[in-house]
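In: A predicted structure for the sequence below; I have some questions about it.
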Amino acid sequence: MIPGGGQPNMQQLLQQAQKMQQDLAAAQEELARTPVEGSAGGGLVKVTVTGAGELQGLVIDPKAVDPEDTETLADLIVAAVRDANQSAQELQQRKLGPLAQGLGGMPGLPF
């Protein structure tokens, strides 16, 4: 409902939507540039992803490499990637969450 019972100002709604779209695009660009780290095995495996979840780097401490046990190394890598991606998702929520909530406050939009 529109306060006062009047019709929504379509120009104002359009401007709000365009501003939110620009803010969202800016936040997504920032996420794509923001490095997020994850680790496993007490730091034996470290992973860097962007805030958008793109894998950027992988560092493996030589102590983690056992030619007789590559399965453990693979598990450490997977755990480090999961850790980094979880941090990236938390960053996304902090950056994009307020924008999504703002969309819900616009009259006439089904969010």
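Out: Nice, thanks for sending it over.
In: Now for the chain: which helix has the highest residue count?
Out: Criterion DSSP state H: the longest helix present in the chain is helix 70-104.
In: Quick test: name the residue nearest the centre of this structure.
Out: By CA atoms, centre = their mean, the mean C-alpha position of the chain lies nearest to residue 92, the distance being 2.9 Å.
In: Quick check, it in contact with residue 31.
Out: Yes. Using CB atoms under 8 Å, residue 92 is in contact with residue 31, at 6.1 Å. Glycine gets a C-beta too; all of them are placed from N, C-alpha and C.
In: between those two, what contacts are shared?
Out: Taking CB atoms under 8 Å, 6 or more residues apart in numbering as the contact rule, residue 92 and residue 31 both touch 51, 52.
In: So the closest residue to residue 89 other than its chain neighbours, which state does it fall into?
Out: In space, residue 89 comes closest to residue 53 once its chain neighbours are excluded; the distance is 7.5 Å by CB to CB, 6 or more residues apart in numbering. Classification of residue 53 using DSSP: H, G, I helix; E, B strand; the rest coil returns coil.
In: residues contacting residue 53?
Out: Per CB under 8 Å, 6+ apart, neighbours of residue 53: 85, 88, 89.
In: Count the neighbours of the last one for me.
Out: Read that as residue 89. Residues lying near residue 89 (other CB atoms under 10 Å) number 13.
In: Relative to residue 36, how far out is it?
Out: Residue 89 is 9 Å from residue 36, where distance means CB to CB, to the nearest Å.
In: Check residue 28 too.
Out: Distance from residue 28 to residue 36, by CB to CB: 15 Å.
In: of the two, who's got more company?
Out: Set side by side, residue 28 and residue 36 show more neighbours around residue 36, with 23 against 15, by other CB under 10 Å.
In: if I've got this straight, that one is in a strand?
Out: Yes. Assessed with three-state DSSP, residue 36 lies in a strand.
In: Would you confirm that it contacts residue 48?
Out: Yes. Residue 36 is in contact with residue 48 according to CB under 8 Å; the separation is 7.1 Å.
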